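K.L.:
sequence isn't available, so here's the structure alone:
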């Protein structure tokens, strides 16, 4: 009978007493802590010192964007910041200073240390002349619907006209009522991409109608989807040369079904 093999069990002893890293070595020394605190306190003191001293005082206001007149107005309005530390200049103060300049749509600024405040102006875009009847009052209107200024000589401007009565409130620096402001909004997409023969006047109300320089009408309907309606009108008028005839209309009040009529008198009498 064969002898049975005897198996031997060996137990491996795990090292449980492995030494842990010395935590004390990882801790910064007392000297390092004191140096760090000193640097932090020094930085804080330097910051507050710069706030109160002329180290970073504003000496130059560099305004860019807009017309020379607008830049001069902005620079004059921001002159109150001169002598103050650049670190104290904030967006609220800058916006408040230029709030009364109608031609400014928005403004951004940057601190150019040690002494220059750089300002970038985004100006309003004039698109319309508002005329009040009866009378000779005229105002320049921005694409945003804001009243920019009174126009003493409106005939010198080639911008489109909108005619309103004295019942319409017109205040320089304020926005027009939505029904009138919609006329300015409609003209904004035409900047750089005008319709053939240009826009001469705009009729407002429940519907917007652009009367071109030739007398041809582009009927937009309500103020919704104006960019789409104008894009369709531009394409159709350029493809057909209908606008140059000066007779008829293009109705894009329903963009999916534009209607072009170059002889409305004949069609209405048929």
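P.N.:
Received it, and whenever you're ready, just let me know what you need. Owing to the predicted nature of the structure, the values given are computational and were not obtained by experimental measurement. Residues are numbered from 1 along each chain as shown.

K.L.:
any idea how far the most centrally placed residue in the chain is from residue 55?
P.N.:
Ranked by distance to the mean C-alpha position of the chain (Cα atoms, centre = their mean), the top residue is residue 106 at 6.3 Å. The gap separating residue 106 from residue 55 is 30 Å, by Cβ to Cβ, to the nearest Å. Backbone N, C-alpha and C define where each C-beta goes, glycine included.

K.L.:
returning to that earlier point: residues touching the residue nearest to the centre of the chain, list them.
P.N.:
Applying Cβ atoms under 8 Å, 6 or more residues apart in numbering, we find residue 106 in contact with residue 122.

K.L.:
what bridges to it?
P.N.:
On DSSP bridges, the residues paired with residue 106 through beta bridges are residue 122.

K.L.:
what pLDDT does residue 263 get?
P.N.:
Listed pLDDT for residue 263 reads 76.

K.L.:
contacting residues for it?
P.N.:
Residue 263 touches 247-248, counting by Cβ under 8 Å, 6+ apart.

K.L.:
can you give me the helices for this structure?
P.N.:
23-26, 30-52, 68-77, 91-98, 178-187, 226-240, 242-245, 264-269 (DSSP state H).

K.L.:
which one of these has the lowest average pLDDT?
P.N.:
Looking at those, the bottom one is helix 264-269 with a mean of 52.

K.L.:
which residues of the stretch 51-200 of the chain fall in strands?
P.N.:
Here the stretch 51-200 of the chain has its strands, by DSSP state E, counting those that start in this stretch, at 60-64, 104-112, 116-123, 126-133, 138-142, 147-150, 161-165, 199-203.

K.L.:
and for the shortest one, what's in contact with it?
P.N.:
The contact list for strand 147-150 (Cβ under 8 Å, 6+ apart) reads 102-103, 124, 126, 130, 137-142, 170-176.

K.L.:
ChimeraX command for the buried members of the residues you listed?
P.N.:
Buried residues among these (16 or more other Cβ atoms under 10 Å), as a ChimeraX selection:
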select :102,103,124,126,130,137,138,139,140,141,142,170,176
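
K.L.:
and the strands of the stretch 51-200 of the chain, which is most packed in?
P.N.:
Across these, averaging neighbours per residue (mean count of other Cβ atoms under 10 Å) puts strand 138-142 on top, at a mean of 22.

K.L.:
roughly how far is it from the heart of the chain?
P.N.:
19 Å (Cα atoms, centre = their mean, to the nearest Å).

K.L.:
likewise stretch 112-122?
P.N.:
19 Å.

K.L.:
what's the average pLDDT for stretch 104-118?
P.N.:
For stretch 104-118, the per-residue pLDDT averages 94.

K.L.:
tell me the span between the first and last residue of that stretch.
P.N.:
16 Å (Cα to Cα, to the nearest Å).

K.L.:
equivalent analysis for stretch 96-109, please.
P.N.:
Per Cα to Cα, stretch 96-109 runs 13 Å from first to last residue.

K.L.:
same deal with stretch 134-149?
P.N.:
End-to-end for stretch 134-149, by Cα to Cα: 19 Å.
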